[in-house]
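**Student:** using only what follows, build the 3D model:
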Amino acid sequence: MLNPIKKTIALPDGREITLETGKLAKQADGAVELRMGNTMLLATVVSAKEAGEGVDFMPLQVEYKEKFSSFGRFPGGFLKREGRASDYEILTARLVDRVLRPLFPDNYHADTFVNITLYSTDGEDIPDALAGLAASAAIAVSDIPFNGPISEVRVARIDGEFVIDPTFDQLEKADMELMVGATYDNIMMVEGEMDEVSEADLLAALKAAHDAIKVQCVAQMELAKEVGVAKREYNHEVNDEELRKDVREKCYDKAYKIAQAGCADKHWRAEQFDKICEEYIESLPEEEREEKTPLVKRYYHDVEKEAVRRCILDEGVRLDGRKTTEIRPIWAEVDYIPGPHGSAVFTRGETQSLATVTLGTKLDEKIVDDVINQGKERFLLHYNFPPFSTGEAKPVRGVGRREIGHGNLAHRALKRMFPEDFPYVCRIVSDILESNGSSSMATVCAGTLALLDAGVKMKKPVSGIAMGLITDADGSKYAVLSDILGDEDHLGDMDFKVTGTKDGITATQMDIKCDGLSYEILEKALLQARDGRLHILNIINSTIPAPREDYKPHVPRIETMLIPKELIGAVIGPGGKIIQNIQEVSGATVSIDEIDEGGYIEVAAANKASIDKAMEMITAIVALPEEGKVYQGTVRSILDFGAFVEFMPNRDGLLHISEISWNRLDDMAASGLKEGDTVEVKLIEIDKKTGKYRLSMRALMPKPEGWVERERPQRGERGPRREGGNNRGPRRDRDNGNRGPRREGGNNNQPRNNQPETTAE
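**Tutor:** All right, here's what the predicted structure looks like:
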């Protein structure tokens, strides 16, 4: 018997979100159906009853999936069914994972799977902003231990006002867009992009988002209370408190000395820290070693973490000896590789990015065919993180979620500074050759340098920095760290990445691992990050002060043209025949796309001659005929009363027998014209009603001496003019001495040359 329970959440603009449980997927540990307008998500969660043997971490997996049927569409490809997750789905799943993961109990190690599926959408509301709320609600109504609830909202600034969970149309007008995840008390995750906003504006957006999240958390608490599910009991860790105490007593001081040494070599530090743990294990009785080693390693990790944190808080000494505000040494070089269209190396401490830029044509655009998002992308950024960058002996496999997430952050940091009228498709590839903290920010800096080296006229250079945080247990003392190391990220309480120009922030990403992070600390971190960004920007500007004046010699040249929409078909031709011929004759690559303003044509080639030839051929097609202009034409057909001449591509005009010569011609044979002949003609008339063209050869010849133009008789009152230009009424029979059919072209009178007037027939 169904016993559904429903809660409604009102948004500030009058829209409503409903959460309902008890109808669908009842065999999952928790399931919630979320609706907003015509958008429907189903979130489920299932967690194993026991932890796997030897597992000492939280094995959480979050999946987000959009059904093509939700938008009334068929999937592409031969199979016509959903396949591997798209980048958009992976990024959405990561947003949810980053908020949920820190809130499971530290000693809970059971396999846990969260699945969020989009079943309905109308393309107005953006579903990724609702995924975190749906997932958290599913956990809230389950028996799975969780220190939530949480929710996520998108906050956008539109016309100076903050809007919670804007629609797709509203988002296009925003100058700031953030996804924020939080509990009722604390912000846990931030990610977004913006148009060079100030630190104060970013903080204001976070506050607006958190206020909305609090309302959604309360609704989940009420829903869970009505469901009345008790959280399960579990025991996923067996601890030995005496061993824990002994490890701390014998290892803490040694670990503190390593942390205090201030050595910049991470491999040396890792070896020294590992040596302390190994020596302790070796000191145990041989019969106890195998059993106690996993516990010793877990307890020693806590000892090492405490030693590093206390050294920073009490003495202001970081692992590599820097001050809290100090940036690691930086060196950069552009034009490092000759083959790409732009390249740069950016090295900060033990983190190094080699970035390359490739410039292409419209044919290189990325086609996006997600469920809701469809279109093309002209600015791409790909991030690669091979195992050798951290000294690991592992094979290089396919692109993982981490690579997609880090690449997306760097892409968002740079894309608003990319020139809007840039004719090329641009791809940046960042290969991380060394890594010890914030390789995504190194990608932003290396990407900027490579773009400038390629001659891309960026609006402004962009730099990025990662900030860390170490807090005391009671929150009474804290230290904000600039340009964090990998260990400081792992052992610290915050990873706060900020990118921007000299005038403001362009993108940010933040993950918080502690409770009670105040806005005071966030403000200090943002201001300290600004100083670091400006320091790095100075190094970028000293490396390459401005974009190259011209592209490198091997960059394909591109010219563009905008034509009326009605001429697109003329350029393409039947079955693409004409555009293919243009490419074959000129050697250039020609692409055409219909936009609101008309047909956008892009011509690319390795040399100017090919581009000029293609542009000449296209111009000839799309140029409009002009009365009085002289053209070189080709005779296409010969008739009794004249010839049809192609005077422009796909444009034929009538060259009447009377317009070939000033002398009277008895027939077309006397003209000497043959099909395929090239003739010079003048366009003497464009019929505005029919669109037909009258051509003349004799208008380009000297008029004979004494020539008298016959005056045409005035037309009398007649009935409506019939289509085709014949206004003489019904045709009269030749046997009665009347004229036969009127010849095409409209001129049925042969001019006189001191001869009796006669008809052309």
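
**Student:** where does pLDDT dip in the stretch 601-750 of the chain?
**Tutor:** Across the stretch 601-750 of the chain, the ranges flagged by pLDDT under 70 are 709-750.

**Student:** hmm, try it at 80
**Tutor:** Applying pLDDT under 80 to the stretch 601-750 of the chain flags residues 649-650, 705-750.

**Student:** can you give me the helices for it?
**Tutor:** 608-622 (DSSP state H, counting those that start in this stretch).

**Student:** any weak-confidence spans in the stretch 451-600 of the chain?
**Tutor:** Segments of the stretch 451-600 of the chain classed as low confidence (criterion: pLDDT under 80) are 473-476, 514-517.

**Student:** which residues of it fall in helices?
**Tutor:** Under DSSP H, counting those that start in this stretch, the stretch 451-600 of the chain gives helices at 486-491, 519-543, 568-572, 577-586.

**Student:** now the strands for the stretch 551-700 of the chain?
**Tutor:** Counting by DSSP state E, counting those that start in this stretch, the stretch 551-700 of the chain has these strands, from start to end: 557-563, 589-595, 598-605, 630-639, 642-648, 651-656, 678-686, 693-696.

**Student:** make CSV from these and add distance to Glu20 to it.
**Tutor:** C-beta here means a position set from N, CA and C on the backbone, and glycine is covered the same way. Formatted as CSV, the strands of the stretch 551-700 of the chain follow (distance: least, Cβ to Cβ, whole Å):
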stretch, distance to Glu20
strand 557-563, 51
strand 589-595, 43
strand 598-605, 47
strand 630-639, 72
strand 642-648, 66
strand 651-656, 65
strand 678-686, 68
strand 693-696, 69
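
**Student:** dump the ones you listed to CSV, plus mean neighbour count.
**Tutor:** Below are these laid out as CSV (neighbours: other Cβ atoms under 10 Å):
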stretch, mean neighbour count
strand 557-563, 17
strand 589-595, 16
strand 598-605, 21
strand 630-639, 16
strand 642-648, 22
strand 651-656, 23
strand 678-686, 17
strand 693-696, 23
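
**Student:** so which of the helices of the stretch 451-600 of the chain is the most packed in?
**Tutor:** helix 486-491 (a mean of 20; mean count of other Cβ atoms under 10 Å).

**Student:** got a list of contacts for that one?
**Tutor:** 266, 269, 304-305, 308-309, 318-319, 435-438, 466, 468, 470, 481, 495 (Cβ atoms under 8 Å, 6 or more residues apart in numbering).

**Student:** ok, now stretch 61-78?
**Tutor:** Stretch 61-78 has contacts (Cβ under 8 Å, 6+ apart) with 40, 80-83, 85-86, 88-90, 92-94, 96-97, 100, 111-123, 127-128, 131, 135, 369-372.

**Student:** try stretch 636-654
**Tutor:** With Cβ under 8 Å, 6+ apart, stretch 636-654 has contacts from 570, 578, 617, 620-621, 623, 625, 631-635, 655-660, 667-668, 671, 673-675, 679, 681, 683, 692-695, 743-745, 760.

**Student:** what does stretch 360-373 give?
**Tutor:** 66-68, 70-71, 73, 76, 86, 88-89, 118, 121, 123, 127, 168, 374-378, 380, 424-427, 556, 558, 589, 591, 593, 602, 604.

**Student:** now, of those, which are buried?
**Tutor:** Among those, the ones that count as buried by 16 or more other Cβ atoms under 10 Å are 66, 68, 70-71, 86, 88-89, 118, 121, 123, 127, 378, 380, 424-427, 556, 558, 589, 591, 602, 604.

**Student:** out of these, name the ones that lie in helices.
**Tutor:** Judged by DSSP state H, helices contain the following of the buried ones among the contacts of stretch 360-373: Tyr88, Glu89.

**Student:** check contacts around the most centrally placed residue in the chain.
**Tutor:** Nearest to the geometric centre of the chain sits Glu377, at 5.9 Å (Cα atoms, centre = their mean). Applying Cβ under 8 Å, 6+ apart, we find Glu377 in contact with Glu365, Lys366, Val368.

**Student:** run the last query once more with 6 Å
**Tutor:** By Cβ atoms under 6 Å, 6 or more residues apart in numbering, the contact set of Glu377 is Lys366.

**Student:** over to Val590?
**Tutor:** Applying Cβ under 6 Å, 6+ apart, we find Val590 in contact with Ile579, Ile582, Gln583, Val603, Ala614.

**Student:** am I right that Ile621 is in contact with Gly573?
**Tutor:** No - using Cβ atoms under 6 Å, Ile621 is not in contact with Gly573, being 8.9 Å away.

**Student:** with neighbour numbers in mind, choose between those two.
**Tutor:** Ranked by neighbour count (other Cβ atoms under 10 Å), Ile621 and Gly573 place Ile621 first, with 19 against 16.

**Student:** how about that one: what's its closest non-neighbour residue?
**Tutor:** Pro649 (4.5 Å; Cβ to Cβ, 6 or more residues apart in numbering).

**Student:** state the distance from that neighbour to Thr361.
**Tutor:** From Pro649 across to Thr361, the span is 23 Å (Cβ to Cβ, to the nearest Å).

**Student:** the more surrounded of the two?
**Tutor:** Neighbours per residue (other Cβ under 10 Å) separate Pro649 from Thr361, with Thr361 holding more: 19 against 16.

**Student:** which residues touch Met194?
**Tutor:** Shown in contact with Met194 (Cβ under 6 Å, 6+ apart): Met176, Ile505.

**Student:** tell me the contacts of the residue nearest to Pro625 when sequence neighbours are not counted?
**Tutor:** Nearest residue to Pro625 in three dimensions, chain neighbours excluded: Leu683, at 5.7 Å (Cβ to Cβ, 6+ apart). By Cβ under 6 Å, 6+ apart, the contact list for Leu683 reads Pro625, Glu627, Lys629, Tyr693.

**Student:** distance of Leu683 relative to Glu226?
**Tutor:** 82 Å.

**Student:** kindly report the same for Ile572.
**Tutor:** Distance of Ile572 to Glu226, given as Cβ to Cβ: 62 Å.

**Student:** please apply the same query to Trp268.
**Tutor:** Distance from Trp268 to Glu226, by Cβ to Cβ: 57 Å.

**Student:** can you check Glu161 too?
**Tutor:** 35 Å.

**Student:** which one of the two is surrounded by more residues?
**Tutor:** A count of neighbours by other Cβ under 10 Å puts Glu226 above the other of Glu161 and Glu226, at 13 against 8.

**Student:** got the phi and psi for the more buried one?
**Tutor:** Backbone torsions for Glu226, taken as degrees, to the nearest 10, come to phi -70, psi -40.

**Student:** which non-adjacent residue is nearest it?
**Tutor:** Residue nearest to Glu226 in three dimensions, not counting chain neighbours: Ile5, with 5.0 Å by Cβ to Cβ, 6+ apart.

**Student:** partners of that neighbour in the sheet?
**Tutor:** According to DSSP bridges, the residues that bridge with Ile5 are Thr21.
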